[in-house]
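> below: sequence and its predicted model.
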Amino acid sequence: MTLRIDTSRALRSHHSHVERVKSIVAAPPSLAGRIGVELHDRQTKGNIMIEYAVVNPATGETVARYDSFTDAQVEQTLGTAEAGFETWRKLPVAERAGMVRRAADLHRERREELAAIIVREMGKVKAAALGEVDFAADITEYYADQAEVITADQPLTILGEGTAVIRRGPLGVLLGIMPWNFPYYQVARFAAPNLVLGNAIVLKHSPQCPESATAIEAIYRDAGLPEGAYLNVYVSNEQAATIIADPRIQGVSVTGSQRAGAAVAEMAGRHLKKVALELGGSDPFLLLATDDLGTVVAAATKARLDNTGQSCNGAKRFIVVDGLYEAFLTKFTAAMAAAPVGDPLVEETVLGPMSSVAAATRLQDQVDRAVAQGATVVTGGSRDGAYYPPTVLTGVTPEMEAYREEFFGPVGVVYRVADEDAAVTLANDTSFGLGSYVFSNDPEQAARVADRIEAGMVYINLVLADSPELPFGGIKRSGTARELGLLAADEFVNKKLIRTAG
């Protein structure tokens, strides 16, 4: 039986007296279509409504459908968010931090329920789903703990008499456009720092994550935030474009593809809105020197198979110096092939299904094109419904489409290079610049290569080391912003100068 969720019930609880002080500005349908098509699987172009539904990729069952918002509901949401911001920003910092900390606690209290939701929404393995909920809680708590730091005045040393200070304050209502691959983590790293700063959030989640989107909204409501401080919307591409253009929205954060990011940035720029982009990656994993190949191979396998390979900063290109190439390829292929694939609820499973049949089909098309153009499949390479096996490719050359593409699934491409210089050249020969991994038992070499890598993040001799206090983000076409760490609190803040005479 498929459930139908009436989203209007939540909106009927909003304050009916919210003044409609701004008119909605329409946005070009072409941009609206580009935003939606690149962010989500199950949706259509232009002004057609998206289906928000929970479709379990492991079984193909449609568990629940959610009603999309009407234009009137969108207008009501924006009005409520604007009013909520005015209430939220006036609360003392300590009070805001206390509510955000309570939201972290609620993540932990509802851990099992939240994890079960994303297992059925996008096929995440149960252990990984529990880990994601824990990480989202840790991130949320981190910003509550850092509230005084990220809102503190910054005195300036001036050339003259008197004083000067930078006072940090909120911008207003922000729109977040979030993807399906980490339904809680992605939201936490955007929402938590901005709520502590005093901004209000309107959140458009992926159409395949409506249940987790509702659960997050409930957490912030139950944590005591005033009405309108955090609101979820189920909207079409056209409505999302309208929200971006609306003068009540002061900034936009989007995690998605390069094309989606470009479309959002173009629209936000047209309306003079700040935009933060976290886009794709094709992160290199450089193996330059080691006396413990087994440990390196284990790290490489984890870095490629984390989240069934559906991670923007997962290692995807394995660049190995000639003397280690054959041994690495043999061991890496064996480790990939041995990873258990199956039911995401089974404890031993490493790889569950991909997020959807459509995602697995796209990955199969990429692999097929790579093979047709001359690449070799060493292991894997054939999908089964939404399931895709761990796959290793070799023989990819610059003339192939696969050389430039991001494989968003459990596919690793292994390259042989002559030396350190060749490894760095290959690593940097990409339009992406998100993360990177350098493995060497020579500390001076590792540090030297880290300086030469064109990326927003370099991890030396470790993988899966993200943490709330460490900034996350890229360069080139991988994004324009930083999330996590104290830098995340610099994205949507008014750094107001106050200069006082002596």
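In hand now; what should we look at? Keep in mind that what you see is a predicted model, and the values were worked out from it rather than measured.
> against Arg221, how distant is Met99?
Met99 sits at a distance of 10 Å from Arg221 (criterion: C-beta to C-beta, to the nearest Å). C-beta here means a position set from N, CA and C on the backbone, and glycine is covered the same way.
> quick one: mean pLDDT over the helix or strand containing Ala53.
Ala53 belongs to strand 52-55 when assigned by DSSP states H and E. Averaging the model's pLDDT scores along strand 52-55 yields 96.
> so after that strand, what's the next helix or strand?
Sequence-wise, the next helix or strand downstream of strand 52-55 (DSSP H and E) is strand 62-66.
> for the helix or strand that comes right after that next one, which positions count as buried?
Following strand 62-66 in sequence order, the next helix or strand is helix 71-89 (DSSP H and E). For helix 71-89, burial by neighbour count (16 or more other C-beta atoms under 10 Å) applies to 73-85, 88-89.
> which other helices and strands contact the helix or strand that comes right after helix 71-89?
Later in the chain than helix 71-89, the nearest helix or strand by DSSP H and E is helix 93-109. Counting contacts by 3 or more C-beta pairs under 8 Å, 6 or more residues apart in numbering; DSSP states H and E, helix 93-109 is packed against helix 126-145, helix 147-151, helix 185-197, helix 210-222.
> what's the angle between helix 93-109 and helix 185-197?
Interaxial angle, helix 93-109 versus helix 185-197 (axes from the mean of the first three to the mean of the last three C-alpha atoms, to 10 degrees): 160 degrees.
> now do the helix or strand following helix 93-109: everything it contacts.
Sequence-wise, the next helix or strand downstream of helix 93-109 (DSSP H and E) is helix 111-122. The contact list for helix 111-122 (C-beta atoms under 8 Å, 6 or more residues apart in numbering) reads 54, 56-58, 63, 107, 124-126, 129-130, 132-134, 137, 180-181, 183-184, 208-209, 211-212, 215, 344-345, 352, 355-356.
> what average pLDDT does helix 111-122 get?
Mean pLDDT, helix 111-122: 97.
> do stretch 171-184 as well
Across stretch 171-184, the average pLDDT comes to 97.
> start to end distance for that stretch?
24 Å (C-alpha to C-alpha, to the nearest Å).
> check the offset of that stretch from the chain's centre.
Stretch 171-184 sits 8 Å away from the centroid of its parent chain (C-alpha atoms, centre = their mean, to the nearest Å).
> what do you get for stretch 436-445?
Computed by C-alpha atoms, centre = their mean, the separation of stretch 436-445 from the middle of its chain amounts to 27 Å.
> let the chain start at 33 from now.
Noted, 33 is the first residue going forward, which turns the last one into stretch 468-477.
> which positions in it come out as buried?
Ser468, Tyr469, Val470, Phe471, Ser472.
> before we move on, the earlier item: selecting buried members of the contacts of helix 143-154 in PyMOL, what would you type?
To isolate the buried members of those in PyMOL, using 16+ other C-beta under 10 Å:
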select buried, resi 86+88+89+90+95+139+156+157+158+161+162+164+165+166+169+212+213+215+216+240+241+243+244+247+376+384+387+388
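> give me the number of residues near the nearest residue to Asp522 once chain neighbours are set aside?
Distances taken as C-beta to C-beta, 6 or more residues apart in numbering place Arg514 nearest to Asp522, at 7.4 Å, with adjacent residues excluded. By the criterion of other C-beta atoms under 10 Å, Arg514 has 20 neighbours.
> how far away is Arg514 from Gly283?
For Arg514, the distance to Gly283 (C-beta to C-beta) stands at 14 Å.
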